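**Q** Sequence first, then the predicted structure:
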2 protein chains.
Amino acid sequence: MTVSGRWVVGVDIGGTNLVVGMIPVGGGPPVGLRSRATEAELGPDVAVDQIVRMARESIDETLAQEDGHARDIAGVGIGCPGPLDLDAGVVLATPNLGWTNYPIRDRIADALQLPGTVDNDANCATFGEWWQGAGRGVEHLVGVTLGTGIGAGLILNGELVRGASGSAGEFGHTTIDFSGRRCACGNYGCLEAYASGPNIAARAREGLEVGYESVLLDLVEGDLDLLSAAIVYEALVLGDEYAHEVMLETAKLLGAGIANIVNTLNPEVIVIVGGVTRAGDHLFGPLRAEVKRRAFKSAVEACRIVPGELPETAGVIGAAGVFISEMIDPL
Amino acid sequence: MTVSGRWVVGVDIGGTNLVVGMIPVGGGPPVGLRSRATEAELGPDVAVDQIVRMARESIDETLAQEDGHARDIAGVGIGCPGPLDLDAGVVLATPNLGWTNYPIRDRIADALQLPGTVDNDANCATFGEWWQGAGRGVEHLVGVTLGTGIGAGLILNGELVRGASGSAGEFGHTTIDFSGRRCACGNYGCLEAYASGPNIAARAREGLEVGYESVLLDLVEGDLDLLSAAIVYEALVLGDEYAHEVMLETAKLLGAGIANIVNTLNPEVIVIVGGVTRAGDHLFGPLRAEVKRRAFKSAVEACRIVPGELPETAGVIGAAGVFISEMIDPL
């Protein structure tokens, strides 16, 4: 199907927030941006109602502002945590949202009476950074999402690579330590078992339990269950040595995983997005050093490893971008 | 440039053998196949002279047999161990051949007065298995070469992925054991440090040195320096328990590396080629079990892990296939 129009509605469904905005088909920042808490526990129907309401507001605002007509809206591109059935537009099961077998694409598209596409959140964030962010104009880009989980989106030879069953990019569950730490997936030594937000907190907690001294104990008022990656970062900024050590180890482990991507895919850019990147040079410095130590010189020299440039909007821009590349024209 | 013709000369430059044959542009087995020892130590000029002589014989035989004319030869596709400068057609440095900064493409192409292309051996073997072997007709294929080194070729979205500087596929140097065995590349815990031919032999040797009993000692008449992966396989066939253990561990380590590919790229087929695959089910059985244990169910179910179907000719077929896809028509 080929459609046309001046804008595409971008929808980014995250574990924490729903973001909706109008993305110009020719590129440019979102217009009429809306954001609110996801409240996934209320179920997908409630979330879809919210998304549709936000989208209508965003459409009205944009058309009024930009002197547009309803026919100028080409469609709606949706980004959602997976795994998804891409062809059917169905969320199969999302640990972070708790929704299963839900036809997210058609529920939103039908309510808006627009054609729709859906892709997973890591692919959308990567596509957004490729189209309008830190990876503009390159042929080979890997986007790495660091958060509750660790994922990746792959753009190779100038195209999104989704794989045989749409599940390419499960980077968090690649083995970096053959007989290492147990992962929630049941496997041992997955990257995610070390470097996801919750596992950074878990590793910090384990050290404190065996007696390491740290300001972290004060920050959580002695309740180690309250530890999070964000609090480790807070302690780091306060100059805490133990927090520094935890972040350094995280950077090295992540570096090993990213060196695997560099050696396997030889990308021009690796864009890292997500909350953990707030650690800035505390993370990127030792991470780049570890990649340099582990990957081939020519591949390291060809690759920039950078934080995302669109921390709030990569997902919503990329969701619309995927719609445009599938339904309108390859970008 | 676009050229035409009925055949392409395929050239496969291996550490052990040079193989040359005429590959029909529309597909089909090689005609006028020639093979001889590489004798890399005599230098690249000598090897090129041999290749050109073999190619002329192969061309003459094919044209006579098939009632063809010189104009029916479209060009020459060359496969060579890397790293290569693909645009310049230059071998930069090949540990296995000992050649450096040698313009392999133009030396062969000019002597034959034909247009030429060059690509690395893993890409060519993968392309050959994709075009005419175990991966026919799929969109997402990874070829893994197991030999003196471990490499990979990637075909994703129906296209060869070479990366930003032509070095994609350095699968042997991906980390599977963060603080593991030292690799010849200087890094620790690379897959190649465990599962290449020489490292399978090294691991077997280490066990024998600390007192494991095995028929291996008889097979090498007590000289452990003579151990090779082929001899470990020989002992395995004789029912040797220690050799079985070494191969089982190899399969598990390889399985972890291949599970990383399955989770990252979600291919339809992984074709494994090279001498080590002679171990057959002794290798593939536990390897597939380990992949199943480590990778996501949907990705495992979407992926066949199989030995190559063109053990002698994947390289020469693929080298010609790369020429055809670049110079004549995408296959």
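**A** Perfect, thanks for sending it. Residues are numbered from 1 along each chain as shown, chains lettered A, B, ... in the order given.
**Q** Around chain B, pick out the residues from the stretch 101-250 of chain A.
**A** Within the stretch 101-250 of chain A, the positions near chain B by C-beta under 8 Å from any C-beta of the partner chain are A:138-140, A:152, A:154, A:156-157, A:159, A:161-171, A:173-180, A:185, A:187, A:189. Glycine gets a C-beta too; all of them are placed from N, C-alpha and C.
**Q** let's see it at 7 Å
**A** A:140, A:156-157, A:159, A:161, A:163-165, A:167-171, A:173-178, A:180, A:187 (C-beta under 7 Å from any C-beta of the partner chain).
**Q** and A:Asn96, how far is that from A:Gly151?
**A** Taking C-beta to C-beta, to the nearest Å as the measure, A:Asn96 falls 11 Å from A:Gly151.
**Q** okay, those two: which has more neighbours?
**A** Using other C-beta atoms under 10 Å in any protein chain shown, the more surrounded residue of A:Asn96 and A:Gly151 is A:Gly151, with 26 against 17.
**Q** Run through who's touching the helix or strand where that one lies.
**A** Assigning secondary structure by DSSP states H and E places A:Gly151 in strand A:150-156. Strand A:150-156 has contacts (C-beta atoms under 7 Å, 6 or more residues apart in numbering or on different chains) with A:122-123, A:125-127, A:130, A:140-145, A:161, A:168-172, A:191-192, A:195-196, A:265, B:156, B:161.
**Q** Among those residues, name the ones in helices.
**A** Among the contacts of strand A:150-156, the residues falling in helices (DSSP state H) are A:Ala122, A:Asn123, A:Ala125, A:Thr126, A:Phe127, A:Trp130, A:Glu192, A:Ala195, A:Leu265.
**Q** Spit out the contact partners of the first one.
**A** Put plainly, it is A:Ala122. The neighbourhood of A:Ala122, defined by C-beta under 7 Å, 6+ apart, consists of A:Gly143, A:Thr145, A:Gly151, A:Ala152, A:Gly153, A:Gly169.
**Q** Skipping adjacent residues, who's closest to it in space?
**A** Leaving aside its chain neighbours, A:Ala122 sits nearest to A:Gly151 (3.7 Å; criterion: C-beta to C-beta, 6 or more residues apart in numbering or on different chains).
**Q** The ones in helices among the contacts of strand A:150-156 into CSV, with extra columns for pLDDT?
**A** CSV is the format used below for the ones in helices among the contacts of strand A:150-156 (pLDDT from 0 to 100):
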residue, pLDDT
A:Ala122, 95
A:Asn123, 97
A:Ala125, 97
A:Thr126, 98
A:Phe127, 98
A:Trp130, 98
A:Glu192, 95
A:Ala195, 96
A:Leu265, 98
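**Q** and of the residues you listed, the nearest to chain B?
**A** Closest approach to chain B among these (C-beta to the nearest C-beta): A:Leu265, at 5.4 Å.
**Q** On the pLDDT front, check the residue in the stretch 201-331 of chain A positioned nearest to chain B for me.
**A** With C-beta to the nearest C-beta as the measure, A:Asn266 is the residue of the stretch 201-331 of chain A nearest to chain B, at 2.5 Å. Turning to A:Asn266, the model gives it a pLDDT of 98.
**Q** Please apply the same query to A:Gly186.
**A** Per the predicted model, pLDDT is 89 at A:Gly186.
**Q** which SS class is it?
**A** Assigned with DSSP: H, G, I helix; E, B strand; the rest coil, A:Gly186 falls in the coil class.
**Q** filter the ones in helices among the contacts of strand A:150-156 to the buried ones?
**A** A:Ala122, A:Asn123, A:Ala125, A:Thr126, A:Phe127, A:Trp130, A:Glu192, A:Ala195, A:Leu265 (16 or more other C-beta atoms under 10 Å in any protein chain shown).
**Q** Could you report the separation of the residue nearest to A:Ala122 from chain B?
**A** 10 Å (C-beta to the nearest C-beta, to the nearest Å).
**Q** burial measure for the spatially closest residue to A:Glu209 that is not a sequence neighbour, as a count.
**A** With C-beta to C-beta, 6+ apart as the criterion, A:Glu209 has its nearest non-adjacent residue at 7.0 Å, and that residue is A:Leu224. Using other C-beta under 10 Å, A:Leu224 has 15 other residues around it.
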